[in-house]
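K.L.:
just coords:
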C-alpha cells in the first residue's frame, strides 16, 4: 500500500512537471513582441499571464509551507489588478527570469518531499479544520495549481503563429 | 496507508469532477450562437471544442476498460479533422446531449471503482510494458484528461461576454 501511495504521488508531481515544462517551452518560443499582444480581442496579454502564473506559483512557496514568497511585488499588478495596458509592468526579460527562479525554487523543495509530507496541511487551513478535512493538504494544492496552469496554457497557445 | 490511497484517489476524481462541472456550467451558459463563433481569430469554434471534448471523453470508456465508445461517429469530425466551417457537424443541440450522456456514463462507472481498480492498466498498454511501468494506469489517464479539459476550458472562457 505504501508503494501505491508513492506511485500516485509521483503521478501527480509528474503531471505538474509536464504541464510546467510545456508552458515554459511555450514561453521560450514566444517572442517579447508576441507576449505583448492580447491573446484574444479584449483579453489578457501574454505578459500578464506570464506575471500572473509566476505570482501564483511564487505564493505556493508559503502556501505549501516550504519557503517565503520570493517576489511579493508581483501580487499587486498580476493578482490584485486585472490586465491593463496603462499599468507599468516589469520588463518581460525580468518576468522570464522570475518565472524560472520561482519554479526552480519549488522543484528544489519538491525533490526532498516524501509522500507523507505531501499529505500535511497547507497554510490556509487551520489544524482544527484540517483534522476534519484531510484533503486540504499540500498535494491537493499541487493538483489544483496544475489545473490552473493548464487553463492558462490553453489560452497562451493562441499566441503561437 | 490504505486510507491515504483512498484519500489521494478521491482528490484526483474530485479534481476531474470539478473541472467537468465548471466546463458543463460554461457550455450551459453559452448560447448556440456563441458556440458557433471562433474563440480567437482563426482558432477553433466553440462547437468544435464541445464535440472534441465529448469525443475524447467518450474514448475514455474503452481506454479505461469500462465500456464501449458510445458515439464513434464523432471521431472523424472532432479528432481526425481540425475545425473547418465547411464540414457539416452534428447540431449543437445533439452535441450538448452527447456531452451529458458521455460524462454521465463515465460517472456511473467511476462510482463503482475502488482505489485498487484505478491502478489497473489502461487499454493502450500491454501487460508486459505495464509490469515495468505501473504508472500507465487508469488513474493516470484521468489525471491527463483533467489537464486536457482544463486547457480547453481556459480557451472556452473567451467565448463568454
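P.N.:
Looks like it arrived, so ask away. Worth saying up front: this structure is predicted, and the values here are computed from it rather than measured.
K.L.:
which SSE is the residue nearest the centre of chain A in?
P.N.:
In chain A, the residue lying closest to the centroid (C-alpha atoms, centre = their mean) is residue A:57, at 3.2 Å. Using DSSP states H and E, residue A:57 sits within helix A:46-63.
K.L.:
Now that helix: buried residues?
P.N.:
Neighbour-count burial for helix A:46-63, counted by 16 or more other C-beta atoms under 10 Å in any protein chain shown, picks out A:46-61, A:63. Where you see a C-beta, it was placed from the backbone N, CA and C, and this is true even at glycine.
K.L.:
which residues touch whichever helix or strand comes after that helix?
P.N.:
Later in the chain than helix A:46-63, the nearest helix or strand by DSSP H and E is helix A:75. With contacts defined as C-beta atoms under 8 Å, 6 or more residues apart in numbering or on different chains, helix A:75 is touched by A:55, A:59.
K.L.:
got it, and stretch A:21-34?
P.N.:
Counting by C-beta under 8 Å, 6+ apart, A:35, A:46, A:50, A:53, A:92-93, A:96, A:99-100, A:103, A:149, A:152-153, A:156-157, A:159-161 sit against stretch A:21-34.
K.L.:
and the residues you listed, which of them are in helices?
P.N.:
A:35, A:46, A:50, A:53, A:92-93, A:96, A:99-100, A:103, A:149, A:152-153, A:156 (DSSP state H).
K.L.:
related to what we said a few turns ago, would you mind pulling up the elements that the helix holding residue A:57 packs against?
P.N.:
helix A:32-35, helix A:92-112, helix A:138-156 (3 or more C-beta pairs under 8 Å, 6 or more residues apart in numbering or on different chains; DSSP states H and E).
K.L.:
Determine which stretch of these is the most buried.
P.N.:
Mean neighbour count (mean count of other C-beta atoms under 10 Å in any protein chain shown) peaks for helix A:138-156 among the helices and strands packed on helix A:46-63, with a mean of 21.
K.L.:
start to end distance for stretch A:30-50?
P.N.:
11 Å (C-alpha to C-alpha, to the nearest Å).
K.L.:
For chain A, what lies in contact range of chain B?
P.N.:
A:1-2, A:4-5, A:7-12, A:14-15, A:18-19, A:39-41, A:43, A:115, A:119, A:134-135, A:139-140, A:143-144, A:146-148, A:150-155, A:157-158 (C-beta under 8 Å from any C-beta of the partner chain).
K.L.:
hang on, the earlier thing: could you check the angle the helix holding residue A:57 makes with helix A:92-112?
P.N.:
30 degrees (axes from the mean of the first three to the mean of the last three C-alpha atoms, to 10 degrees).
K.L.:
avg pLDDT for helix A:46-63?
P.N.:
Helix A:46-63 shows a mean pLDDT of 98.
K.L.:
circling back to that earlier point, with respect to residue B:81, which of the ones in helices among the contacts of stretch A:21-34 is nearest?
P.N.:
Of all those, residue B:81 sits closest to residue A:153, with 23.3 Å by C-beta to C-beta.
K.L.:
Test my guess that that closest one contacts residue A:18.
P.N.:
No: using C-beta atoms under 8 Å, residue A:153 makes no contact with residue A:18, being 10.7 Å away.
K.L.:
OK, contacts around residue A:81?
P.N.:
residue A:87.
K.L.:
longest helix of chain A?
P.N.:
Per DSSP H, chain A has its longest helix at helix A:2-29.
K.L.:
Buried ones in it, by neighbour count?
P.N.:
A:4-5, A:7-9, A:11-13, A:15-16, A:19-20, A:22-23, A:27.
K.L.:
right, and out of those, which lies closest to residue A:109?
P.N.:
Nearest member of the buried residues of helix A:2-29 to residue A:109, counting by C-beta to C-beta, is residue A:13, at 11.4 Å.
K.L.:
Would you mind stating the distance between the nearest residue to residue A:139 once chain neighbours are set aside and residue B:84?
P.N.:
Nearest residue to residue A:139, sequence neighbours excluded (C-beta to C-beta, 6 or more residues apart in numbering or on different chains): residue A:118, at 4.0 Å. Distance, residue A:118 to residue B:84, using C-beta to C-beta, to the nearest Å: 45 Å.
K.L.:
ok, residue A:92 - contacts?
P.N.:
Residue A:92 neighbours (C-beta under 8 Å, 6+ apart): A:32, A:35-36, A:47, A:50.
K.L.:
let's go with 7 Å and repeat that
P.N.:
When contacts are counted by C-beta atoms under 7 Å, 6 or more residues apart in numbering or on different chains, residue A:92 touches A:32, A:35, A:47.
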